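Based on what follows, work out the 3D shape:
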Amino acid sequence: MKKIILFLFLVISTALFSQDGIKFGKQSFAKTLEQAKKENKLIFLDAFASWCGPCKLLDKNVFPKKEVGDYFNANFLNLHIDMEKGEGIEIAKKYSIYSYPTLLFINGDGKVVYKAAGYMSPQELISIAKEAVNPENTLENKIAKFEAGEKDPEFLMGLIKNTYATDFSLAQKVATRYFQTRTDATYSKEEAGMLLFFTKTIDDDLYKIFTAKKAELSTQIPESYLAEYDNQLKLNTVLQKSFDANTQSINEPIFLAEGTKIYGEKEAKQLLNKINMDLFFTQKKYDDYAKSALNYYQNPKDFATDELNNVAWNFYLYVTDKTLLTQVTQLCLEGFKKEENSQNTDTLANIYYKLGDNKNAKLWAKKSIEIAKAKGDEYASTEELLKKIN
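Numbering: from 1, shown residues only. Modelled structure (predicted):
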């Protein structure tokens, strides 16, 4: 009897303990919106994904806390929804939720009044919840305050964090004002990363700050990364001006005109070929891909052997035009002047086989096997090719 009583006590205790934290509702989002409007309450939505580590930590360490439960259960209708399942998929689209966890405070009209993201302590979660219920802290009021000219750095930083995942354009404007008010300040690592995150082209106002602060940024971020990022910004600028969203293609005259200003004519032409290569391959326009590749790799000695081999293998897999296939055999042969290995000789053998040139296919297949045996490489697939040729 004592064991039974003890067991019941443990069950009851566990049940009572489990109620200490946030009580998440089981009804649908739509029903919860109706209830929120009727009761004039905000919805607290924990937008999570099942694979998200910080989401699991919130579930384990924060949501079950009594002080968290006391505040949230008294002030909000709480929902805990996986954004990759069921109704969560549409909710994620509606509120542009791309990162997890995203914590939304939503009114009965379905408008987000406050937003936060990432893992936080129980005290931090309660703190943002208190901000959310303060009418002065609604997102609408904050945006109005920003548009009226507010320049307080702490306010601007808060608004950036509230909007970057749902309205990048607005967040970028806020970030621009934030950094313009802090041109003489020493940046934290968070600020350095934020400056890079919001600088997208060399035409952005933030690019001037990025350029002026490079020496300081290099104390937080490796110079090699900053140089690469600068190159990417320049490329983004050219692509933004030359990409035609309607045709999903590059306007080549515009690209070359804008690219020449930054890179010079020769490099701009090479860059155009490389971008077209990648674009055509993604669009499965393989003949156009092949033409751009042949232009891009017209001096094979300037490229690594493995890179040339990967491109040649794409020709074998996807290109059907025999003229283009014949041209890539010359590219392969030029590449062999740097290094001849079992992989690139096998690729050439396969291309010759596709062209119906069994003589050369056999020659290069045998050479590939010979090299593979000498170096201990695998050659079973090449042997299969040789059997087909014979």
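
Other residues contacting stretch 204-216?
172, 175-176, 179-180, 183, 186-187, 195-196, 198-199, 201, 217, 226, 230, 233 (CB atoms under 8 Å, 6 or more residues apart in numbering). (C-beta placed from N, C-alpha, C; glycine too.)

Now do Ser188 against Val174, distance only.
Distance, Ser188 to Val174, by CB to CB, to the nearest Å: 17 Å.

who has more neighbours, the two?
A count of neighbours by other CB atoms under 10 Å puts Val174 above the other of Ser188 and Val174, at 25 against 10.

what residues are up against the more buried one?
Contacts for Val174 (CB under 8 Å, 6+ apart) come out as Phe146, Leu156, Leu159, Ile160, Thr163.

Export those residues to JSON lines and append columns for pLDDT and secondary structure.
What follows is the contacts of Val174, written out as JSON lines (pLDDT from 0 to 100; DSSP: H, G, I helix; E, B strand; the rest coil):
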{"residue": "Phe146", "pLDDT": "95", "secondary structure": "helix"}
{"residue": "Leu156", "pLDDT": "95", "secondary structure": "helix"}
{"residue": "Leu159", "pLDDT": "91", "secondary structure": "helix"}
{"residue": "Ile160", "pLDDT": "91", "secondary structure": "helix"}
{"residue": "Thr163", "pLDDT": "84", "secondary structure": "helix"}
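
Adding neighbour count and distance to Leu294 as columns, could you present those in TSV?
Listed next are the contacts of Val174 as TSV, based on neighbours: other CB atoms under 10 Å; distance: CB to CB, whole Å:
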residue	neighbour count	distance to Leu294
Phe146	18	52
Leu156	22	51
Leu159	23	50
Ile160	20	46
Thr163	23	46
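
Okay, Ala171 and Phe197: tell me how far apart.
From Ala171 to Phe197 the distance is 9 Å (CB to CB).

With Gln327 instead?
Distance, Gln327 to Phe197, using CB to CB: 43 Å.

likewise Asn61?
28 Å.

between the two, which one's more packed in?
Shown here are Asn61 and Phe197; by other CB under 10 Å, Phe197 has more neighbours (15 against 12).

show me the contacts for that one.
Counting by CB under 8 Å, 6+ apart, Phe197 touches Tyr164.

Also the one 5 residues further on?
By CB under 8 Å, 6+ apart, the contact set of Ile202 is Leu233, Lys234, Thr237, Ile262.

Show me those that map onto helices.
Applying DSSP state H to the contacts of Ile202, the entries found in helices are Leu233, Lys234, Thr237, Ile262.

So the last one is in contact with Leu239, correct?
No - taking CB atoms under 8 Å as the contact criterion, Ile262 and Leu239 are not neighbours in contact, 11.5 Å apart.

Return the members of the contacts of Ile202 classed as buried.
Leu233, Lys234, Thr237 (16 or more other CB atoms under 10 Å).

do you know how far the first one is from Asn341?
Using CB to CB, one gets 37 Å for the distance from Leu233 to Asn341.

now the stretch 201-350 of the chain, which segments are flagged as low pLDDT?
Applying pLDDT under 70 to the stretch 201-350 of the chain flags no residue at all.
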